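S.K.: My questions are about this predicted structure, shown below with the sequence.
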Number of protein chains: 2
Amino acid sequence: MSKQQIVTRKPLSRARVLEAAVALADEAGLEAFSMRGLAQELGVVPMALYKHVANKEELLDGMVDIVFGEIELPAGELDWRAAMRRRAISTREVLRRHSWAIGMMESRHPGPANLANHNAVMGCLREAGFSFKGAVHAYSVQDAYIYGSALQERDLAFDTPDSAGKAALRRAETVGALENYPYLVEIAAKLPGSGYDSAVEFTWGLDLILDGLERLRRA
Amino acid sequence: MSKQQIVTRKPLSRARVLEAAVALADEAGLEAFSMRGLAQELGVVPMALYKHVANKEELLDGMVDIVFGEIELPAGELDWRAAMRRRAISTREVLRRHSWAIGMMESRHPGPANLANHNAVMGCLREAGFSFKGAVHAYSVQDAYIYGSALQERDLAFDTPDSAGKAALRRAETVGALENYPYLVEIAAKLPGSGYDSAVEFTWGLDLILDGLERLRRA
DNA sequence: GACTATAGGTGTACGGTGTACACTTGTCAA
DNA sequence: TTGACAAGTGTACACCGTACACCTATAGTC
């Protein structure tokens, strides 16, 4: 009986814990994500987790590095603009899958995937001919935009034109004084029929930034 | 004795609670911010707060709206670019004062200051001649950049060139394999002496974006 | 084969959190 | 004087992360 149990349930490991943690955070959100819940998901008592991760903080560090690992690195054979574009789009997609990670990508103790990612991006820019300072600028602008977009997408939930309009309307209705906010009214009225698409919105801004950076690089 | 107490301690009010909450979050951070801590700060028992705010969520909503209220609205007499630039810089400064609010600016139930802010920004763009779609694009790009920058600044703590270099170095040292990340090494080596300034970094990217938007507007 | 060290899972307990609910008390209107 | 009402209190509960002592199954050594 107890033998069977042991055979049945394959033993925990740091990798298995991290994997389950990411899956749980994906579906439950960061707010509802707890050590106790994760333990239950793994069919184990809460304290069992602490044999594989030091504490919740370290667990989160590991989770974030898994997320970094899913981001496509800039490929050397592409020109810098195409490489950065792909990498930005990949980052956005990964953050849509793991939206709990959005605020944590740069705030946690960095893991190997994080380091590899930053090194590859910086390398791509430097090899494309950006000066050191230029590369730092270029990196900052892109990442600020990528992470800011992810934040916006998550918070505004503009997934469909319809929900976008609804969100604007809900905002305006809050105070019941629509007439004081004519431009919010316009958004509520026009956005639903405008074919708004958050992916298109993202690439639009991305291309604006990349265009600006290309001008910088040539100078 | 008890009379004195009552005279001494002026009574709570929603405004006083919110104000104290913002102050406490400013100095303690969001992590350490609790209803119990706030009550203590106000010299009151925790449950007393619930006579003035429904719960912690609603309290946070109110706190975020206070933050919105501190942001300078675009002034009508400036041209759109100058107005947007000032507003962006003001937003960044406000978020530096209240960095706990960074991830919450667009995710909470919106209050009046939030609505006024969004309405004013959208209005500024529309009146400057942006098409509806163009204004939405312009708004999205700017806010994504502003909030993303705030996130980066908070997380990387690149407040001084020195700390910036240290941060990069700390990252690289984590795995003890500097030679695998040559571009991180470069950052660690060069950034400290480069005169890095996060405010300059911010306006650099901001101007890049505003330039791009001006081109759009003229088209 | 017996013995022991060790890694992995358990059970209990503690101090923290948000907040429901019933209570007192201080203030003002009638 | 009474009685309603708003403001502050005290107790209690379910949840959280995790320290610490314990058990137990396996692996290595003689």
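M.R.: That came through fine.
S.K.: from here on, contacts and neighbour counts on C-alpha atoms
M.R.: Noted.
S.K.: can you tell me which residues contact the closest residue in space to A:A21 that isn't next to it in sequence?
M.R.: Once flanking residues are discounted, A:A21 sits nearest to A:L38: 6.3 Å by C-alpha to C-alpha, 6 or more residues apart in numbering or on different chains. Each residue near A:L38 by C-alpha atoms under 8 Å, 6 or more residues apart in numbering or on different chains is listed here: A:20-21, A:24, A:46.
S.K.: Any part of stretch A:74-82 near chain B?
M.R.: No - using C-alpha under 8 Å from any C-alpha of the partner chain, stretch A:74-82 stays clear of chain B, coming no nearer than 14.0 Å.
S.K.: What is the burial count for A:A219?
M.R.: Neighbourhood size, A:A219 [other C-alpha atoms under 10 Å in any protein chain shown]: 7.
S.K.: To clarify, my last question referred to A:F130.
M.R.: When neighbours are counted by other C-alpha under 10 Å, A:F130 comes out with 22.
S.K.: Same question for A:R97.
M.R.: Residues near A:R97, counting by other C-alpha under 10 Å, number 13.
S.K.: secondary structure element for the residue nearest to A:A21?
M.R.: For A:L38, the host element (DSSP states H and E) is helix A:35-41.
S.K.: helices or strands next to the longest helix along chain A in the packing?
M.R.: Of all the elements of type helix in chain A, the one with the most residues (DSSP state H) is helix A:132-156. Where contact means 3 or more C-alpha pairs under 8 Å, 6 or more residues apart in numbering or on different chains; DSSP states H and E, helix A:132-156 is packed against helix A:80-97, helix A:112-127, helix A:198-218, helix B:132-156, helix B:198-218.
S.K.: relative to helix A:198-218, how tilted is it?
M.R.: 170 degrees (axes from the mean of the first three to the mean of the last three C-alpha atoms, to 10 degrees).
S.K.: ok, residues contacting helix A:132-156?
M.R.: With C-alpha under 8 Å, 6+ apart, helix A:132-156 has contacts from A:88, A:91-92, A:95-96, A:99, A:102-103, A:121-122, A:125-126, A:159, A:164, A:167, A:198, A:202, A:206, A:209, A:213, A:216-217, B:103, B:106-107, B:140-141, B:143-149, B:151-152, B:194, B:201, B:204-205.
S.K.: winner for burial among the helices and strands packed on helix A:132-156?
M.R.: Counting by mean count of other C-alpha atoms under 10 Å in any protein chain shown, helix B:132-156 has the highest mean neighbour count of the helices and strands packed on helix A:132-156, with a mean of 22.
S.K.: Give the rounded mean pLDDT of that one.
M.R.: For helix B:132-156, mean pLDDT rounds to 97.
S.K.: relative to helix B:80-97, how tilted is that helix?
M.R.: Using the same axes, to 10 degrees, the direction of helix B:132-156 lies 30 degrees away from that of helix B:80-97.
S.K.: Any idea how far helix B:132-156 is from the middle of the chain?
M.R.: Averaging C-alpha positions (C-alpha atoms, centre = their mean, to the nearest Å) puts helix B:132-156 11 Å from its chain's average.
S.K.: can you check stretch A:106-122 too?
M.R.: Mean C-alpha position of stretch A:106-122 versus that of the full chain (C-alpha atoms, centre = their mean) differs by 14 Å.
S.K.: right, is that stretch up against DNA strand D?
M.R.: No - judged by C-alpha under 7 Å from any atom of the strand, stretch A:106-122 stays clear of DNA strand D, getting no closer than 14.5 Å.
S.K.: Do I have it right that A:Q40 meets A:P46?
M.R.: Yes - A:Q40 lies in contact with A:P46 (C-alpha atoms under 8 Å); the separation is 7.4 Å.
S.K.: more neighbours, these two?
M.R.: Neighbour count, other C-alpha under 10 Å: between A:Q40 and A:P46, A:P46 has more, with 15 against 12.
S.K.: Which helix or which strand is home to A:P74?
M.R.: Using DSSP H and E, A:P74 is not contained in any helix or strand.
S.K.: so what's it closest to, chain neighbours aside?
M.R.: Closest residue to A:P74 apart from its sequence neighbours, by C-alpha to C-alpha, 6+ apart: A:A83 at 4.9 Å.
S.K.: That concludes my questions; thank you for your assistance.
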